[in-house]
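In: please find the sequence and the predicted model below.
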Amino acid sequence: MEKGKYCVNCGVHIDARAEICLGCGVRQPSLKRPGSISRRVAAAIFAILLGSFGVHRFYLGQVGWGILYVVFCWTLIPAVAGLIEGIVYLTMSDEEFDAKYGR
């Protein structure tokens with residue numbers, strides 16, 4: 001038998017890695033491996049520790065913002081912004097983070 005899962009909406013058997021059901025088009029809940037770090041927490045750590053260089057922005061795929069942070073890294077503005085963004089990331093839920101920053 002092929003490994004898979006069932007759609008939470010229509011019950012169709014889909015691939016275990018599928019994010020969207022091919023039958024009804026409903027997004028499936030993400031199944032995280034135990035002990036794995038979420039993208040939100042990783043982005044928050046990058047923002048707090050390396051925010052002045054925009055590492056968190058590169059990690060989130062926002063290359064333009066990342067370059068802007070690198071250009072102005074000699075000022076303290078990106079460091080303060082990174083600290084604030086890191087705290088904001090930590091206060092968001094994983095669902096809110098994924099909705100805002102995509103997957």
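Out: Done, it's in.

In: where exactly do the strands run in the protein?
Out: Assigned by DSSP state E, the chain shows strands spanning 4-6, 13-15.

In: pLDDT on the last one, on average?
Out: So the one you mean is strand 13-15. In this model, strand 13-15 has a mean pLDDT of 85.

In: show me what it is packed up against.
Out: strand 4-6 (3 or more CB pairs under 8 Å, 6 or more residues apart in numbering; DSSP states H and E). To be clear about C-beta, it is placed using only N, CA and C from the backbone, and glycine gets the same treatment.

In: likewise the first one?
Out: In terms of contacts (3+ CB pairs under 8 Å, 6+ apart), strand 4-6 is packed against strand 13-15.

In: go through the strand it packs on and flag the buried ones.
Out: residue 14 (16 or more other CB atoms under 10 Å).

In: just to revisit the earlier point, TSV for the strands of the chain, including distance to residue 86?
Out: Output for the strands of the chain, formatted as TSV (distance: least, CB to CB, whole Å):
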stretch	distance to residue 86
strand 4-6	34
strand 13-15	35
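
In: closest one to residue 93 among those strands?
Out: strand 4-6 (22.7 Å; CB to CB).

In: run the chain-centre distance for that closest one.
Out: 24 Å (CA atoms, centre = their mean, to the nearest Å).

In: skipping its backbone neighbours, what lies nearest residue 13 in space?
Out: Spatial nearest neighbour of residue 13, excluding adjacent residues (CB to CB, 6 or more residues apart in numbering): residue 4 at 5.3 Å.

In: and the gap between the one you found and residue 67?
Out: Residue 4 is 41 Å from residue 67, where distance means CB to CB, to the nearest Å.

In: longest helix in the protein, by number of residues?
Out: Taking DSSP state H as the criterion, the chain has its longest helix at helix 77-91.
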